[in-house]
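Q: After the sequence you'll find the predicted model.
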Amino acid sequence: MITLYTLPPAFGQRNPSPFCLKAEMALVHLKLDFEAKTTLELNKAPKGKAPWLDDNGIIADSELILAHLDSKTNGGLYGQLTAEEIAIGTAFTRLAEDHLYWMIVASRWLNDEWFENVKRDFFSSLPWPLRNIVPVIARRRVRQTYDLHGLGRHSLAEQRSFLDRDINALVARLSDHEYIASDRMTVHDFTVASMLASGMDNQPETWVSARMNQEQSLRDYIERVQDGVGVFGRK
Ligand SMILES: N[C@@H](CCC(=O)N[C@@H](CS)C(=O)NCC(=O)O)C(=O)O
């Protein structure tokens, strides 16, 4: 039996992690039997991050999980894609996972008011005094990582302008394509729609959610993909 290790519900979402949601979508799309186990003990994760997969061996990282599932199913995810679909899908994957994602993280963790939701959903089950200490240490790590990425060195107004450019690129692409890489749903939609769903369905809204939710075409897109696969990030 395949086991997918994923994050538990948080922020009003059944699955608050875009990377975990994408892996789940791939497993369901390929009709593979699997069990999902939720955990917040990322110190036990092989690479300190979720998701990871146990399929007679451990695969840690959603992109490596997809590659593994693709080879297990003889190209069930990438096998039928054209070179252009792969090129466009990969470029939007990088936009989503290496840029947009960090603003989603910052909007949850680095806004003082919103961080109360992170403390409640990720840390309140820890025993005292850990429940007071661990969030401070974890938040410091997020701040350092955001700074090292580079985004964290910009003012909020500048970060919003970067977000605008990402969103405008997605909206433009989806204005004349039903899906991100072409007019058919591909594995790249699992990545991009999961990222957008994580950003859009935060409760309460973050500054990133609020901007994304101004775009009805993005809402239509994430519903189209989630409905198509039958896997939803929201409850
Ligand atoms: N490149 C990884 C990224 C996974 C990732 O960043 N997961 C987040 C949850 S959304 C995580 O576990 N963060 C904990 C940490 O970085 O300490 C993948 O594609 O699986």
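A: Happy to help now that I have it. Numbers count the residues shown, from 1 in each chain.
Q: mind listing what the most centrally placed residue in the chain touches?
A: Geometric centre of the chain, nearest residue: P18, 1.6 Å, by CA atoms, centre = their mean. P18 is in contact with 96-97, 101, 104, 191, 194-195, 197-198, 233, counting by CB atoms under 8 Å, 6 or more residues apart in numbering. Every residue, glycine included, has its C-beta placed from N, CA and C.
Q: near the ligand, which residues of this protein show up?
A: For the chain, the residues in contact with the ligand (CB under 6 Å from any ligand atom) are 17, 19, 42, 48-51, 61-63.
Q: try it again with 5 Å
A: Residues of the chain lying close to the ligand by CB under 5 Å from any ligand atom are 17, 19, 49-50, 61-62.
Q: Most neighbours among those residues, please name it.
A: Tallying neighbours with other CB atoms under 10 Å puts S62 at the head of the residues of the chain next to the ligand, with 26 neighbours.
Q: Please point out which parts of stretch 1-21 sit buried.
A: Using 16 or more other CB atoms under 10 Å as the test for burial, stretch 1-21 gives 2, 4-8, 10-11, 13-21.
Q: no wait, stretch 134-144
A: 135, 138-139, 142.
Q: can the residues you listed go into a markdown table with extra columns for distance to D183?
A: Below are those laid out as a markdown table (distance: CB to CB, whole Å):
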| residue | distance to D183 |
| --- | --- |
| P135 | 44 |
| A138 | 42 |
| R139 | 42 |
| V142 | 38 |
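Q: Among these, which lie within helices?
A: The helices, defined by DSSP state H, take in 135, 138-139, 142 from the buried residues of stretch 134-144.
Q: okay if I get those as JSON lines plus pLDDT?
A: Formatted as JSON lines, these follow (pLDDT from 0 to 100):
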{"residue": "P135", "pLDDT": "98"}
{"residue": "A138", "pLDDT": "97"}
{"residue": "R139", "pLDDT": "98"}
{"residue": "V142", "pLDDT": "98"}
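Q: Good, wrapping up.
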